[in-house]
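*Asks:* heads up, no residue letters with this:
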């Protein structure tokens, strides 16, 4: 019987400025990743580091999910159901989106 020995796989950390599986040409929107909330707390957008978002509305968690793309200070959303929306970051802690004002949350 002949035995073959295989070396164990080596895990390499993903570079901090790129999402898993993305290339160096697709930088992540790190300045905007995190939770964004309306002043009344009703709408909550979580911008994930893999360019996905999860939106909660009131008591309804994950009311909308999809992908997003940030270009400069502009954000485009594509919901998994086909709905599209956009918004603008007016400063580091304020997002104007669909007539709403969302603020960065420490969550």
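*Replies:* Happy to help now that I have it. Not measured: the values here are computed from a predicted model. Numbering: from 1, shown residues only.
*Asks:* all contacts plus neighbour counts: C-alpha atoms, from now on.
*Replies:* Noted.
*Asks:* Kindly provide the whole-number mean pLDDT of stretch 47-67.
*Replies:* Mean pLDDT, computed over stretch 47-67, is 96.
*Asks:* Also stretch 71-86?
*Replies:* Stretch 71-86 carries an average pLDDT of 95.
*Asks:* So which bits of the longest strand anywhere in the chain are buried?
*Replies:* Counting by DSSP state E, the longest strand found in the chain is strand 60-71. By neighbour count on 16 or more other CA atoms under 10 Å, the buried set for strand 60-71 is 64-68, 70.
*Asks:* Pull out the buried residues from the following helix or strand past that strand.
*Replies:* Going down the chain from strand 60-71, the next helix or strand is strand 74-79, by DSSP states H and E. Within strand 74-79, the residues scored as buried using 16+ other CA under 10 Å are 75-79.
*Asks:* Quick check: the farthest pair among those residues?
*Replies:* Spatially, the most separated pair among the buried residues of strand 74-79 is 75 and 79, at 12.9 Å (CA to CA).
*Asks:* which outside residues touch stretch 35-49?
*Replies:* Outside stretch 35-49, the residues within contact range by CA atoms under 8 Å, 6 or more residues apart in numbering are 19, 28-30, 32-34, 53-58, 95, 100-107.
*Asks:* Now that we have these, which of them are buried?
*Replies:* For the contacts of stretch 35-49, a neighbour count by 16+ other CA under 10 Å gives the buried set as 19, 28-30, 32-34, 53-56, 95, 101-104.
*Asks:* just to revisit the earlier point, strand partners of the longest strand of the chain, parallel vs antiparallel please.
*Replies:* Using DSSP bridges, the strands paired with strand 60-71 are strand 52-57 (antiparallel), strand 74-79 (antiparallel).
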